[in-house]
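**Student:** got a predicted model here, sequence first, then my questions.
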Amino acid sequence: MNHDETIKYYQMRAGEYDKVYSRDNPGRQEELAELYSLSRGTLKGRHILDLACGTGFWTRLISEEAASIVGVDINQATLVEAEKKTYHCPVRFIQADVFHTPFNAGEFDGLLLTYLLSHLKRQDIDPLAQKIRNIIKPGSPAFVCDNNLVCEIEPDLIWDDDHINSYKIRRLENGNEYRILKNYFEKDELIEIFRTWGMIEKLSFGTYYWSAILKVQ
Ligand SMILES: C[S@@+](CC[C@H](N)C(=O)[O-])C[C@H]1O[C@@H](n2cnc3c(N)ncnc32)[C@H](O)[C@@H]1O
């Protein structure tokens, strides 16, 4: 299920990852500010599962409003970065694969899922939805967001033989290159995907990012 090179890339990128959120682009910053506010409002007062929490950038944001958060990531290096941050509610981190988490049914009443969907194979998204529905209390809110394909700045995508999943080359600051799994979704596909997660309460598309507020069921 995992794409090893993508996971390795995030392991090696951990120390420089948060710079992605301070890119000097007013359009991006404006859209991100909307996402920050939307996610905080959606998950206010909740016991949150932050799946693929990475360096804890969103964990910290959400902690300003949440009751508690458990962050899960497969990479220890990203969790080391996450542990360095200060949080405003009880937070703990667990190193695990999102497909094999150690949680009980109904343990959380909110889900945060930022920038993971694009790094999953399309055929793995439904199995993840099943896991999520087992862990998150029915009727709880989920905030999901990810990148749009911005043609002017994205290099050509590399498709697999069946033209199902796409990949791209990403370069770290030290010049090392990785071929990472990166899928992009149009609105119709997201509506189809989220059908199995529960109810879509809001689906928004900006230039750079899309976001969804769901009621998990
Ligand atoms: C683009 S980063 C997003 C991090 C964080 N959610 C954010 O928005 O800043 C993707 C993260 O997913 C993690 N990841 C990828 N596949 C995973 C898996 N199968 N299980 C757990 N974490 C995974 C990577 O280690 C990386 O930290």
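**Tutor:** Okay, I see it.

**Student:** just the buried residues of stretch 95-103, please?
**Tutor:** Residues of stretch 95-103 classed as buried: Val98, Thr101, Phe103 (neighbour count, 16 or more other C-beta atoms under 10 Å). From N, CA and C alone the C-beta is placed, and that goes for glycine too.

**Student:** same deal with stretch 198-208?
**Tutor:** Neighbour-count burial for stretch 198-208 [16+ other C-beta under 10 Å]: Gly198, Gly206, Tyr208.

**Student:** just checking, Arg179 is part of a helix?
**Tutor:** No: assigned with DSSP: H, G, I helix; E, B strand; the rest coil, Arg179 falls outside any helix and is strand.

**Student:** count the neighbours of it for me.
**Tutor:** Look at Arg179: counted by other C-beta atoms under 10 Å, it has 14 neighbours.

**Student:** so what's the most centrally placed residue in the chain up against?
**Tutor:** Closest to where the C-alpha atoms of the chain average out (C-alpha atoms, centre = their mean) is Thr114, at 2.3 Å. Applying C-beta atoms under 8 Å, 6 or more residues apart in numbering, we find Thr114 in contact with Ser39, Ala52, Trp58, Phe143, Val144, Cys145, Asp146.

**Student:** A helix includes the third one, no?
**Tutor:** This means Trp58. Yes: when classified by three-state DSSP, Trp58 is found to be part of a helix.

**Student:** spell out which parts of this protein neighbour the ligand.
**Tutor:** 2, 7, 10, 52-54, 57-58, 73-75, 78, 97-98, 114-116, 119 (C-beta under 6 Å from any ligand atom).

**Student:** restricted to strands, list those residues.
**Tutor:** Of the positions in those, Asp73, Thr114 sit in strands, assigned by DSSP state E.

**Student:** what subset of the residues of the chain next to the ligand is buried?
**Tutor:** Buried among those by 16+ other C-beta under 10 Å: 7, 10, 52-54, 57-58, 73-75, 78, 98, 114-116, 119.

**Student:** longest helix of this structure, counting residues only.
**Tutor:** helix 26-43 (DSSP state H).

**Student:** name the residues of it that come out as buried.
**Tutor:** Within helix 26-43, the residues scored as buried using 16+ other C-beta under 10 Å are Arg28, Glu31, Leu32, Leu35, Leu38, Ser39, Arg40, Thr42, Leu43.

**Student:** which non-adjacent residue is nearest the fifth one?
**Tutor:** Counting by C-beta to C-beta, 6 or more residues apart in numbering, Leu38 lies nearest to Ser211, which is 6.2 Å off, once chain neighbours are set aside.

**Student:** which strand or helix spans that neighbour?
**Tutor:** Remark: Ser211 resides in strand 209-216, with elements defined by DSSP states H and E.

**Student:** what's the nearest residue to the residue in the chain that the ligand sits nearest to if we skip its chain neighbours?
**Tutor:** Relative to the ligand, the nearest point of the chain is Gly54 (2.5 Å; C-beta to the nearest ligand atom). Take Gly54 and drop its neighbours on the chain: the residue closest to it by C-beta to C-beta, 6+ apart is Thr78, 4.7 Å away.
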